[in-house]
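**Q** sequence and predicted structure below; questions after.
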Amino acid sequence: MMARLIPENPIEFPNLYPKQKEFVRSNKVYVCYGGARGGGKSFAVDALCMIYCKMFPGIQILLVRRTYKDVFKNHVISLQLKLHCTIDNDPKRAAKWSKDEGSFIFANGSRIVIGYCDNENDALHYQGLAYDVVILEEATQFTEYQFEIFTEIVRPSGFCKVPFKPRMRLTCNPGGVGHEWVKRLFIDKNYKDTENPNDYQMIHAKVYDNEFIMNNDQNYVKRLENLPPERRAQMLDGDWNVFSGLFFIEFEERYHVIYDGRLPRDGNYNLYISLDYGLDMLAAYFIAITPYNVLVFDEIYEPGLIISQAAHKIRQKIEDLGFQYDDFTAILAPDDLWNTSQENGRCKADIWSDYGINLTKSKRDRSAGWLAIKEDLAVDYSLPPEERKDSCKLKIFSKCVNLIRCLPKLQTDPKNSDDCMKEPHELTHAPDSLRTFYTYWLSVPDEIKNQKSLKVPKEVYDDYLNASDEVREYLENKYGKIFCI
């Protein structure tokens, strides 16, 4: 049992608005509060922490934001004032702030521990711990992986002296890297088999629910009401179907996805394979370049493959598609596969070659690659609606489900508007593979880009193979690279 550090003084609880009271009183395992600006999220969290620490002696609460600076500014300072921690001999002091421990410590053994989690590696530091309550402030700034790590530590701490059901509390607005998982759990209510729908509750709070702002700062309300339509829908109305921060705002499924797509019958295209490879994921895309379009027509998306298995998957896919290995102009990979191993002096590209896949190096110019994708996604909205689909160059066949799923979910890097965020990592494999093609394509001379090709029946292709060198050269000069149907 923890020692009494200060006399147990009464906590001066703030007055709460109806939705804040609902947030504090809820017994659900997972409760998400907010959805719009000005709903009093931080105030509700402070109140919940103080009330819990008074009502449940010994309770251990972890309060987390993305950065320590944010959690200190939004909660530590306000809790110090509310708990009268700033002056040691303040007769109203209800808790002690320990800078060394990063905690508010109460005489009854309760604690509010202040934490931060800036990236997915930071989340690992919390593994193995136990808290009766975990609070994620601005939850949409966390990846689903970070959220899942925190769910693992929501369990009885062993210090709470009264019966208490461990729980998690979240606050947030639409948008951010975690938008999709928060929306799935609390808005769409699309649960996995292992998730109990009765454990989840969403409490929608808007600025109009905040009596203090409504009575004292009408200008703030007007500023929200005067935002551009998309931003206003997100920040004032809490619309989870409209949010800013997306990197590929050009992507629209109705224009860029082809259902039941087929490659042109005239064979007037060049073939490439572009891949992003690691043990965590092989993301390989099969791409046809026509005079008018970049057609991404098939994919391999599979984790846990060693190089020999990945090479076999690619060769098998080539065969299943009815092509031969030599039909592909190049199989492209990012330049890190050419990094030499200190153990054996070889690189991963060499090992791919051992298993029959000769890779071509593509540069790792993120900004240039992303910009090229954006250019090819661009739709000419000045055209009549029925003509817009033909105005964009990049088309993705519907069987490429992971590229279609991941590309529109990438978020803009707040530190570099020319780049997207690298988290959640699972969303990056398919787009990175596509970028590998585009960074290569940017460096290809125009005469190769404009190279012609011809697809012919097998009997004609056999005649071509058996022809003399002079005849083959004549045919290739006239028709370009010749493929077998």
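**A** Nice, I can see it.
**Q** next, name the residue at the spatial heart of this protein.
**A** P424 (3.6 Å; C-alpha atoms, centre = their mean).
**Q** which residues touch that one?
**A** 143-145, 177 (C-beta atoms under 8 Å, 6 or more residues apart in numbering). Placement of C-beta: from N, CA and C, glycine included.
**Q** ok, now M168?
**A** Applying C-beta under 8 Å, 6+ apart, the residues contacting M168 are 29-31, 133-136, 150-151, 154.
**Q** of those, closest to D70?
**A** Set against D70, the nearest of those by C-beta to C-beta is L136 (12.1 Å).
**Q** how much space between the closest one and Y33?
**A** 11 Å (C-beta to C-beta, to the nearest Å).
**Q** can you count the residues close to the spatially closest residue to S391 that is not a sequence neighbour?
**A** Once flanking residues are discounted, S391 sits nearest to D380: 3.8 Å by C-beta to C-beta, 6 or more residues apart in numbering. Number of residues near D380 (other C-beta atoms under 10 Å) recorded here: 10.
**Q** ok, now the one 3 residues further on?
**A** Using other C-beta under 10 Å, L383 is surrounded by 12 other residues.
**Q** phi and psi next, for the residue nearest to it when sequence neighbours are not counted.
**A** Of all residues not flanking L383 in the chain, S391 sits nearest, at 5.7 Å (C-beta to C-beta, 6+ apart). When read as degrees, to the nearest 10, the backbone of S391 gives phi -90, psi -20.
**Q** residues contacting S391?
**A** Applying C-beta under 8 Å, 6+ apart to S391 gives the contacts 378-380, 383.
**Q** against I404, how distant is it?
**A** Taking C-beta to C-beta, one finds S391 at 19 Å from I404.
**Q** would you map the strands across the stretch 101-250 of the chain?
**A** Listed in chain order, the strands of the stretch 101-250 of the chain (DSSP state E, counting those that start in this stretch) span 103-105, 111-116, 133-136, 167-172, 200-205.
**Q** any chance of those in TSV, with mean pLDDT too?
**A** Formatted as TSV, the strands of the stretch 101-250 of the chain follow (pLDDT from 0 to 100):
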stretch	mean pLDDT
strand 103-105	95
strand 111-116	95
strand 133-136	97
strand 167-172	95
strand 200-205	92
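**Q** winner for burial among the ones you listed?
**A** Highest mean neighbour count of the strands of the stretch 101-250 of the chain: strand 133-136, a mean of 26 (counted as mean count of other C-beta atoms under 10 Å).
**Q** now for that strand, which elements pack on it?
**A** In terms of contacts (3 or more C-beta pairs under 8 Å, 6 or more residues apart in numbering; DSSP states H and E), strand 133-136 is packed against helix 41-55, strand 60-65, helix 144-152, strand 167-172.
**Q** what do L136 and Y33 both touch?
**A** Shared contacts of L136 and Y33, counting by C-beta under 8 Å, 6+ apart, come down to 169-171.
**Q** what is the nearest of these to D354?
**A** Proximity of the shared contacts of L136 and Y33 to D354 (C-beta to C-beta) peaks at L170, which lies at 48.9 Å.
**Q** I'd say the closest one and K28 touch.
**A** No: contact status for L170 versus K28: not in contact, 11.3 Å apart, counting by C-beta atoms under 8 Å.
**Q** got any ranges where the stretch 1-150 of the chain has weak pLDDT?
**A** 1-14, 36-38 (pLDDT under 70).
**Q** can we see that at 80?
**A** The stretch 1-150 of the chain contains residues with pLDDT under 80 at 1-15, 35-39, 86-91.
**Q** residues contacting S433?
**A** So S433 contacts 274-276, 283-285, 403 (C-beta under 8 Å, 6+ apart).
**Q** please repeat the previous calculation with a cut-off of 7 Å.
**A** The neighbours of S433, taking C-beta atoms under 7 Å, 6 or more residues apart in numbering as the test, are 274-276, 283-285.
**Q** just among those residues, which is most surrounded?
**A** Going by other C-beta under 10 Å, S274 tops those with 27 neighbours.
**Q** quick check: closest non-adjacent residue to that one.
**A** F437 (3.7 Å).
**Q** counting neighbours, what do you get for the one you found?
**A** 24.
**Q** beta partners of the nearest residue to R169 once chain neighbours are set aside?
**A** Spatially, and ignoring its direct neighbours in sequence, R169 is nearest to I135 (4.6 Å; C-beta to C-beta, 6+ apart). With DSSP bridges applied, I135 shows beta-bridge pairing to L63, R169.
**Q** need the contact list for I135.
**A** 45, 61-64, 169.
**Q** any idea how far it is from I357?
**A** From I135 over to I357 (counting by C-beta to C-beta), the distance is 49 Å.
**Q** could you do Q127 as well?
**A** In terms of C-beta to C-beta, Q127 sits 38 Å off from I357.
**Q** cool, and F72?
**A** Counting by C-beta to C-beta, the gap from F72 to I357 is 51 Å.
**Q** more crowded one of the two?
**A** I357 (21 against 15).
**Q** and the more buried one, what does it touch?
**A** Contact analysis of I357 by C-beta under 7 Å, 6+ apart lists 311, 314, 331.
**Q** give me the buried subset of the residues you listed.
**A** 311, 314, 331 (16 or more other C-beta atoms under 10 Å).
**Q** out of the residues you listed, list just those in helices.
**A** 311, 314 (DSSP state H).
**Q** redo the buried ones among the contacts of I357 as TSV? Include distance to Q218 and pLDDT.
**A** Shown next, in TSV, are the buried ones among the contacts of I357 (distance: C-beta to C-beta, whole Å; pLDDT from 0 to 100):
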residue	distance to Q218	pLDDT
A311	65	96
I314	62	97
I331	62	96
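**Q** need the buried ones among the contacts of I357 in TSV with distance to P414, can you?
**A** TSV is the format used below for the buried ones among the contacts of I357 (distance: C-beta to C-beta, whole Å):
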residue	distance to P414
A311	38
I314	36
I331	35
